[in-house]
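Trainee: Following is a predicted model, sequence given first.
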Amino acid sequence: MLDSFSALDLARLQFAFTVSAHIIFPAFSVGLASFLAVLEGLWLVKRDDDYMALFDYWKKIFALVFGMGVVSGVVMSYQFGTNWSVFSDKTGPILGPLMGYEVLSAFFLEAGFLGIMLFGLKRVGPRLHFFATLMVAVGTLFSAFWILSVNSWMQTPAGYEINAAGQFVPADWWAAIFNPSFPYRLVHMVLAAYLTTAFVVGGVGAWHLLRDRDNRPARIMFSMAMWMALLVAPLQVVAGDFHGLNTLEHQPAKVAAMEGHYESRDGAPLILFGWPDDEGLETRHALGIPKLGSFILTHDWNGRVQGLKDFPEDERPKAAIVFWSFRLMVAIGFAMVAVGLWSGIARLKGTLYDATWLKRAAVAMGPSGFAAVLAGWITTEVGRQPWTVYGLLRTSESVSPIGAEAVGASLVVFFLVYLAVFGAGTLYVLRLMAATPKHGEDAGPWLTRSAGIAPGLAFEREGRHGH
């Protein structure tokens, strides 16, 4: 089957596979690191061992997810040398330092404090341990900062010059790092990571509450997750709107594909469903709302929206993929908003922990963040085609001089190894999530005692239990 693909096709397929397998891990670990910091902070403030029980429950999951993210990221980075050496040569003077900054300021920070966060509470004490947890959380955000700066520069290149060798070299580092799409992309992705984590945590909490509605740690994680959904999901819709307007300014062909518009028109409809046909240059069976597309994109009911026909044929992305991945992302986003509002109403009624269908919905929405992140990245990356550096360097000009057989063989190996390694890792994470979260006082010799936190409370608890 692979014989019918060119080296370029296989290189693109391999990178799409490895980046899709990779991105779900940092999308989860960024949010989970912040969640762990909040849990430990609440433990220090409230002196409530159930928060530390949850910290211990989720830190094991974080360690596994973080490890799988590191491994999958390292593997992905090697492809820049094997399959995309021309791209690496031409963009290296800009992207190389940015990736280096990510290692120096983010990965070293995470790795340096990760061991303390996982194993050091008894050794360093609660306050220094909390500082280590904060540094891990900050490190994950720094990592997102630099990686998204790199990707955003490829989408909206700025602050560069092209030297005699055809390489992109820095002319203004500030402009290169804070390129036009970077702030919007950073906010959108970080909020996506927080929502991904919130719905995983909420789904796990709901799963255990359906079995035991009185499990207090499960109640805490479910309540915190639903607060995040209620507050952050609407913010994500607003951030997505701003991101879309920025994309319309800098990558109008991508927006035309997202919206399924081939003809430029005033008062364009919002096409809800249809099938974009790149050969026929129309969206077949389109079902839309008149003029709403123009209003969303231009904030004017009669605003002009460009269609794909305005762009040269060899500069148009594949509309069907972008059209449907974008709709999947948006649909999941509004489903998250709906669950958040549902939980807010249930909380006001005092039925948050008794609303069976809400808990079932939360379980069903548990993996939704991963699907939304993947759909968003497909929209972003396929919509950028046929460019690796938008408008400047084509994908076909970026590939290494390598045979299709070699790329195909490595793709098969990657698929089999990823299926075995990350499949086993994911199954183990699910087993950890299936374990019932225990109360702090029932989970063993809790660290409040060994670390000297609230000795009066510890003494009272020991006396109450007759120890």
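Mentor: Received, thanks. Residues are numbered from 1 along each chain as shown.

Trainee: Please count neighbours and contacts with C-alpha atoms only from this point.
Mentor: Will do.

Trainee: Low-confidence bits of the stretch 301-450 of the chain, can you list those?
Mentor: For the stretch 301-450 of the chain, applying pLDDT under 70 flags the ranges 440-450.

Trainee: let's see it at 90
Mentor: 301-310, 312-316, 319, 354, 400-411, 413-415, 417-418, 421-422, 426, 435-450 (pLDDT under 90).

Trainee: Show me where it has its strands.
Mentor: Applying DSSP state E, counting those that start in this stretch to the stretch 301-450 of the chain gives strands spanning 304-305, 387-389, 393-394.

Trainee: Let's have these in a markdown table, adding mean neighbour count and distance to residue 401.
Mentor: Output for these, formatted as a markdown table (neighbours: other Cα atoms under 10 Å; distance: least, Cα to Cα, whole Å):
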| stretch | mean neighbour count | distance to residue 401 |
| --- | --- | --- |
| strand 304-305 | 20 | 40 |
| strand 387-389 | 21 | 16 |
| strand 393-394 | 16 | 15 |
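
Trainee: In TSV: the ones you listed, plus distance to residue 111.
Mentor: Shown next, in TSV, are these (distance: least, Cα to Cα, whole Å):
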stretch	distance to residue 111
strand 304-305	47
strand 387-389	31
strand 393-394	35
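
Trainee: can you tell which of those strands is closest to residue 25?
Mentor: Closest approach to residue 25 among the strands of the stretch 301-450 of the chain is made by strand 387-389 (23.6 Å; Cα to Cα).

Trainee: now the closest one: how far from the chain's centre is it?
Mentor: Chain-centre distance of strand 387-389: 22 Å, with Cα atoms, centre = their mean, to the nearest Å.

Trainee: so where is the stretch 51-200 of the chain shaky, pLDDT-wise?
Mentor: For the stretch 51-200 of the chain, the stretches with pLDDT under 90 are 66-85, 92, 96, 99-112, 114-127, 164-166.

Trainee: list the helices and strands the host helix or strand of residue 153 packs on?
Mentor: Secondary-structure element containing residue 153, defined by DSSP states H and E: helix 126-155. Counting contacts by 3 or more Cα pairs under 8 Å, 6 or more residues apart in numbering; DSSP states H and E, helix 126-155 is packed against helix 7-46, helix 85-102, helix 108-119, helix 173-177, helix 182-211, strand 387-389.

Trainee: what comes up buried for it?
Mentor: 126, 129-155 (16 or more other Cα atoms under 10 Å).

Trainee: can you give me the angle that helix makes with helix 7-46?
Mentor: On the basis of axes from the mean of the first three to the mean of the last three Cα atoms, to 10 degrees, helix 126-155 is oriented at 150 degrees to helix 7-46.

Trainee: re earlier: indicate which one of the helices and strands packed on helix 126-155 is closest to residue 432.
Mentor: When those are ranked by proximity to residue 432 (Cα to Cα), helix 182-211 comes first, at 10.2 Å.

Trainee: State the next helix or strand along the chain beyond the closest one.
Mentor: Sequence-wise, the next helix or strand downstream of helix 182-211 (DSSP H and E) is helix 216-250.

Trainee: Show me what secondary structure element comes after that following helix.
Mentor: helix 252-259.

Trainee: gap between that next one and the chain center?
Mentor: Using Cα atoms, centre = their mean, the offset of helix 252-259 from its chain centre is 22 Å.

Trainee: Name the next helix or strand downstream of it, please.
Mentor: According to DSSP H and E, the helix or strand after helix 252-259 is strand 265-266.

Trainee: Which strands border that next one, and is each parallel or antiparallel?
Mentor: strand 304-305 (antiparallel) (DSSP bridges).

Trainee: Tell me which residues touch residue 357, please.
Mentor: If you count contacts by Cα atoms under 8 Å, 6 or more residues apart in numbering, residue 357 has none.

Trainee: rerun that using 10 Å as the cut-off
Mentor: 210, 363 (Cα atoms under 10 Å, 6 or more residues apart in numbering).

Trainee: what's around residue 216, how many residues?
Mentor: 18 (other Cα atoms under 10 Å).

Trainee: one step back: export the helices and strands packed on helix 126-155 to TSV and tack on distance to residue 268?
Mentor: What follows is those, written out as TSV (distance: least, Cα to Cα, whole Å):
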stretch	distance to residue 268
helix 7-46	32
helix 85-102	37
helix 108-119	47
helix 173-177	34
helix 182-211	25
strand 387-389	27
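
Trainee: Among the ones you listed, show me which one is buried the most.
Mentor: Highest mean neighbour count among those (mean count of other Cα atoms under 10 Å): helix 182-211, with a mean of 24.

Trainee: and it, what does it pack onto?
Mentor: If you count contacts as 3 or more Cα pairs under 10 Å, 6 or more residues apart in numbering; DSSP states H and E, helix 182-211 packs onto helix 7-46, helix 126-155, helix 216-250, helix 319-349, helix 356-364, helix 368-384, helix 404-434.

Trainee: Mind listing what's buried along the fourth one?
Mentor: This means helix 319-349. In helix 319-349, counting by 16+ other Cα under 10 Å, buried: 319-330, 332-333, 335-344, 346-347.

Trainee: between the strands of the stretch 301-450 of the chain, which gets nearest to residue 51?
Mentor: strand 387-389 (45.4 Å).

Trainee: Show me what that closest one is packed up against.
Mentor: helix 85-102, helix 126-155, strand 393-394.

Trainee: Adding distance to residue 292, write those out as a markdown table.
Mentor: Listed next are those as a markdown table, based on distance: least, Cα to Cα, whole Å:
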| stretch | distance to residue 292 |
| --- | --- |
| helix 85-102 | 39 |
| helix 126-155 | 27 |
| strand 393-394 | 34 |
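
Trainee: Which of the ones you listed sits closest to residue 286?
Mentor: With Cα to Cα, the closest approach to residue 286 among the helices and strands packed on strand 387-389 belongs to helix 126-155: 29.0 Å.

Trainee: Neighbouring strands of the helix or strand following the closest one in the sheet, and parallel or not?
Mentor: For helix 126-155, the following helix or strand on the C-terminal side (DSSP H and E) is strand 160-162. Paired strands of strand 160-162, with direction, are strand 168-170 (antiparallel) (DSSP bridges).

Trainee: chain center to the strand it pairs with, what's the gap?
Mentor: 28 Å.

Trainee: go on, stretch 248-257?
Mentor: 22 Å.

Trainee: Determine how far the last residue of that stretch lies from the first.
Mentor: End-to-end distance of stretch 248-257: 11 Å, with Cα to Cα, to the nearest Å as the criterion.

Trainee: Rounded mean pLDDT for it, please.
Mentor: Mean pLDDT, computed over stretch 248-257, is 91.

Trainee: Start the count at 252 instead of 1 going forward.
Mentor: Sure, I'll start counting at 252 from here, so that last one is stretch 499-508.

Trainee: Right, I'll leave it there.
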